[in-house]
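Enquirer: Please work out how this folds:
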Amino acid sequence: MNANLNQIAEMDRNSVLHPFTQLKDFANGKLGDPTIVETGKGIRIQDAHGNQLIDGFAGLYCVNVGYGRTEVAEAISRQAYRLAYYHSYAAHTTDELAILSDRLVRMAPGKMSKVFYGMSGSDANETQAKLVWYYNNLRGKPNKKKIISRERGYHGCSVVSGSMTGMSFYHDHMDLPRAGILHTGAPHHYWGAEAGETELEFSIRRAGELETLILREDPETIGAFIAEPVLGTGGITPPPEGYWEEVQKVLRKYDILLIADEVITGFGRTGSIFGSQHYGIEPDLITVAKGLTSAYFPLSGAIVGEKVYKVMEEGADRVGAFSHGYTYSGHPIGAAAANAVLDIVEKEDLPGNARKVGAYFQAQLKEKFAQLPIVGEVRGVGLMGAIEFVADRENKTRFDPSLSVGARVSKAARSRGLIARAMPHGDILGFAPPLVTTKEEIDEIVAIAESAVRSVMDELVQAGERI
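Expert: Numbering: from 1, shown residues only. Prediction:
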């Protein structure tokens, strides 16, 4: 490392508060120097030392069109030179924003009407909560405000979105969850099913548990249900058979809005343009971010369905202006980036690539890992997948957490040139490569992952752990 990079590392250590980092270990050097990422092309990034890594997680599920797309950079540059910023308050707009909004309303599932913009999935879900409360206030149901999420669901880490997130480590020491946010069971058949219970039976039971929760709380106090079409950070877990059909029956029965959190699944990752279309979900509100700009610029959206927007418009004479907004809502550079990204998504048919290459990916994961003695489940859809490790396949016994099996496999993969994520809530290795990934690149990803898994498996055997 030359002096300049040493200085960069030291400045970073002394001044950056890194998310999801053990602060003391980073401060005293136990975690080593920060990884200084310098360039990216396709599905690979390169650090300041010249080391190349396959990004098997597309950043954080977001760089769908791959790194180094000059057409997106050029769209950002053109907009910055022409008009770097103007707000969208009081009916101000730009051509890129109007075009993007029309595009999103037309491409989204269900009957959508308008788009409200923010900068992250977290703030978009904060907006969704306020919309639920606003909607029910305007229609004379001031008690219908509680929002139900799911255990292991991920919806952000701000105050309300962090409360919606169903993982305790997002809550601990942060005074979350806040009142009015409830959680129901995770739709994971492998861990949640009773003995002999089919996927459909499990889904019916989960929907029944949701209904029991609604009745216990009183349906007139429940405003919305928020869920990802596929659990993301909670383990990359596709829904079991019949799950969405059964859940939607319950929500319709009790007049409860459905918020589809498409931050991860939107714009092609499942093989459909939206995860809702993939699973027959008919949302009232849709949250988008990540793939909207492929992370080339921060931008999120709360897409508002006709049912909700009609109430908002009809109430305007009575309550006045819609009093919600951010300085950067509808940022013109973000809108330009999004339009350029969606051009790529459509012209290169990235949902189709995720469908075709994703089918190959899922088959390769099952072929290489499903029968290994430390693998309990291989799962996924499109270009997102996970391998879950267990100590005892027959009895579904987890490894002792102190062994950090998932984290060790992730570290072993990285040392071999692949970024694959150690997921929370178990020993899980997760994948979500860019949607431009080819079959040949899938072969590289799977080969490195197999080498990493087998190396950790050998370590466990040598240490006398039961496998």
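Enquirer: Only C-alpha atoms from now on, for both contacts and neighbour counts.
Expert: Fine.
Enquirer: And the strands in the stretch 251-400 of the chain?
Expert: 257-261, 285-288, 300-305, 375-381, 384-389 (DSSP state E, counting those that start in this stretch).
Enquirer: Same list (those) but as JSON lines, adding mean pLDDT and mean neighbour count.
Expert: Formatted as JSON lines, those follow (pLDDT from 0 to 100; neighbours: other C-alpha atoms under 10 Å):
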{"stretch": "strand 257-261", "mean pLDDT": "98", "mean neighbour count": "26"}
{"stretch": "strand 285-288", "mean pLDDT": "98", "mean neighbour count": "30"}
{"stretch": "strand 300-305", "mean pLDDT": "98", "mean neighbour count": "26"}
{"stretch": "strand 375-381", "mean pLDDT": "98", "mean neighbour count": "22"}
{"stretch": "strand 384-389", "mean pLDDT": "98", "mean neighbour count": "26"}
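Enquirer: got JSON lines for the ones you listed, with distance to residue 225 too?
Expert: Below are those laid out as JSON lines (distance: least, C-alpha to C-alpha, whole Å):
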{"stretch": "strand 257-261", "distance to residue 225": "5"}
{"stretch": "strand 285-288", "distance to residue 225": "10"}
{"stretch": "strand 300-305", "distance to residue 225": "15"}
{"stretch": "strand 375-381", "distance to residue 225": "23"}
{"stretch": "strand 384-389", "distance to residue 225": "24"}
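Enquirer: how about those strands, which one is nearest residue 98?
Expert: strand 300-305 (13.4 Å; C-alpha to C-alpha).
Enquirer: Name every strand pairing with that closest one and say which way it goes.
Expert: Applying DSSP bridges to the sheet, strand 300-305 is found paired with strand 112-118 (antiparallel), strand 285-288 (antiparallel).
Enquirer: buried sites along the first one?
Expert: Spelled out, that is strand 112-118. Neighbour-count burial for strand 112-118, with 16 or more other C-alpha atoms under 10 Å as criterion, is recorded at 112, 113, 114, 115, 116, 117, 118.
Enquirer: So which residue is dead centre in the protein?
Expert: With distances taken as C-alpha atoms, centre = their mean, residue 264 lies nearest the centre of the chain, 3.5 Å away.
Enquirer: What's the local residue count around residue 327?
Expert: By other C-alpha atoms under 10 Å, 11 other residues sit near residue 327.
Enquirer: who touches the residue nearest to it when sequence neighbours are not counted in this structure?
Expert: Leaving out its chain neighbours, the residue that sits closest to residue 327 by C-alpha to C-alpha, 6 or more residues apart in numbering is residue 87, at 6.4 Å. By C-alpha atoms under 8 Å, 6 or more residues apart in numbering, residue 87 lies in contact with 93, 327, 328, 329, 330, 331.
Enquirer: For those residues, which entry has the maximal number of neighbours?
Expert: residue 330 (31 neighbours).
Enquirer: would you turn the strands paired with strand 300-305 into a markdown table with distance to residue 422?
Expert: Converted to a markdown table, these look like this (distance: least, C-alpha to C-alpha, whole Å):
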| stretch | distance to residue 422 |
| --- | --- |
| strand 112-118 | 29 |
| strand 285-288 | 24 |
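Enquirer: wait, residue 392 sits on residue 372?
Expert: No - counting by C-alpha atoms under 8 Å, residue 392 sits too far from residue 372 to count as a contact (11.0 Å).
Enquirer: circling back to that earlier point, which two of the contacts of residue 87 have the greatest separation?
Expert: 93 and 327 (13.1 Å).
Enquirer: for the host helix or strand of residue 441, packing partners?
Expert: Element membership for residue 441, per DSSP states H and E: helix 439-462. Helix 439-462 sits against helix 350-369, helix 405-415, strand 418-419, with contacts defined as 3 or more C-alpha pairs under 8 Å, 6 or more residues apart in numbering; DSSP states H and E.
Enquirer: Pairing partners for the shortest one, with directions?
Expert: If I follow you right, that is strand 418-419. Assessed with DSSP bridges, strand 418-419 is paired to strand 52-55 (parallel).
Enquirer: Can you show me the CA trace of stretch 215-223 as PDB?
Expert: C-alpha atoms of stretch 215-223 as PDB (Å, rounded to 0.1, in the frame of the first residue of the first chain):
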ATOM      1  CA  LEU A 215     -59.100 -10.100  15.100                       C
ATOM      2  CA  ARG A 216     -57.200  -9.800  18.400                       C
ATOM      3  CA  GLU A 217     -56.200  -6.200  17.700                       C
ATOM      4  CA  ASP A 218     -59.600  -5.300  16.100                       C
ATOM      5  CA  PRO A 219     -59.800  -5.000  12.300                       C
ATOM      6  CA  GLU A 220     -60.800  -1.400  12.700                       C
ATOM      7  CA  THR A 221     -57.400  -0.600  14.100                       C
ATOM      8  CA  ILE A 222     -55.400  -2.300  11.300                       C
ATOM      9  CA  GLY A 223     -54.500   0.000   8.400                       C
END
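Enquirer: what's next to that stretch, contact-wise?
Expert: The contact list for stretch 215-223, computed with C-alpha under 8 Å, 6+ apart, reads 132-133, 136, 141, 143-148, 214, 254-257.
Enquirer: State the distance from the nearest residue to residue 158 once chain neighbours are set aside to residue 275.
Expert: Taking C-alpha to C-alpha, 6+ apart, and ignoring the residues beside it in sequence, residue 158 has residue 122 as its nearest neighbour in space, at 6.0 Å. Distance, residue 122 to residue 275, using C-alpha to C-alpha, to the nearest Å: 19 Å.
Enquirer: Can you spell out the domain ranges of the protein, please?
Expert: 35-65+350-462, 71-347 (automatic domain parsing).
Enquirer: Quick one: distance of the last one to the chain centre.
Expert: Distance of domain 71-347 from its chain centroid, counting by C-alpha atoms, centre = their mean, to the nearest Å, is 11 Å.
Enquirer: end-to-end on that domain?
Expert: End to end - C-alpha to C-alpha - domain 71-347 spans 13 Å.
Enquirer: Pull the contacting residues for residue 225.
Expert: Residue 225 touches 147, 148, 149, 251, 256, 257, 258, 259, counting by C-alpha under 8 Å, 6+ apart.
Enquirer: What sits closest to it if chain neighbours are left out?
Expert: The nearest residue in space to residue 225 (C-alpha to C-alpha, 6+ apart) is residue 148, at 4.7 Å.
Enquirer: That neighbour: what secondary structure?
Expert: Counting by DSSP: H, G, I helix; E, B strand; the rest coil, the backbone at residue 148 sits in strand.
Enquirer: contacting residues for it?
Expert: Residue 148 neighbours (C-alpha under 8 Å, 6+ apart): 164, 181, 182, 183, 184, 222, 224, 225, 226.
Enquirer: What about residue 319, how many residues nearby?
Expert: 11.
Enquirer: Quick one: residues in contact with the helix or strand of the chain with the lowest mean pLDDT.
Expert: Across the helices and strands of the chain, mean confidence by mean pLDDT, DSSP states H and E is lowest for helix 3-15: a mean of 91. Residues outside helix 3-15 that contact it (C-alpha under 8 Å, 6+ apart): 26, 27, 33, 34, 36, 48.
Enquirer: again, 7 Å this time
Expert: The contact list for helix 3-15 (C-alpha atoms under 7 Å, 6 or more residues apart in numbering) reads 27, 33, 34.
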